[in-house]
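Undergrad: next comes the sequence, and after it the predicted model I'd like to discuss.
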Amino acid sequence: MTNDDVEIEILMQTAEGLEREILAAHRLDRLSLRPEFNRVLAQLRVGHARVPNRMVRLGQILNEEAAEDLFDNMPV
């Protein structure tokens, strides 16, 4: 196993841990984990690792929730 493989494995384990935390968390807590989750997924992509579809979708859902939250807090 190369150093890159080890790094990818550590990143994948980190992503899986964050995924579990996000799925178990309430909405505001989920959104607070979004930047770190997105960062880890980006690092996996840079390392040419295959990011599971479920994680890609979870990242999209979190981004949508963050956008909704932004508009919910806009004065009218």
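TA: Arrived safely. Quantities reported herein were computed from a predicted structural model and do not represent experimental measurements. Numbering: from 1, shown residues only.
Undergrad: give me the buried positions along the helix or strand that R34 is a member of.
TA: Assigning secondary structure by DSSP states H and E places R34 in helix 27-46. Buried residues in helix 27-46, defined by neighbour count with 16 or more other C-beta atoms under 10 Å: 30-31, 34, 37, 40-41, 43-44. Where you see a C-beta, it was placed from the backbone N, CA and C, and this is true even at glycine.
Undergrad: could you dump these to TSV with distance to E65?
TA: Below are the buried residues of helix 27-46 laid out as TSV (distance: C-beta to C-beta, whole Å):
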residue	distance to E65
R30	7
L31	6
R34	8
F37	12
V40	18
L41	16
Q43	22
L44	21
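Undergrad: got those as TSV, with pLDDT and distance to R20 columns?
TA: Formatted as TSV, the buried residues of helix 27-46 follow (pLDDT from 0 to 100; distance: C-beta to C-beta, whole Å):
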residue	pLDDT	distance to R20
R30	94	12
L31	94	16
R34	96	15
F37	98	11
V40	98	13
L41	97	15
Q43	97	18
L44	97	16
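Undergrad: longest helix anywhere in this structure?
TA: Assignment by DSSP state H gives helix 3-24 as the longest helix of the chain.
Undergrad: how close does the nearest residue to M1 once chain neighbours are set aside sit to E16?
TA: Excluding the flanking residues, the one nearest M1 by C-beta to C-beta, 6 or more residues apart in numbering is E9, at 8.0 Å. Per C-beta to C-beta, to the nearest Å, E9 is found 11 Å from E16.
Undergrad: got it, and T2?
TA: Distance from T2 to E16, by C-beta to C-beta: 21 Å.
Undergrad: just F71 next, same as before
TA: F71 is 31 Å from E16, where distance means C-beta to C-beta.
Undergrad: these two: which is more packed in?
TA: Taking neighbours as other C-beta atoms under 10 Å, F71 and E16 compare with E16 leading, 13 against 7.
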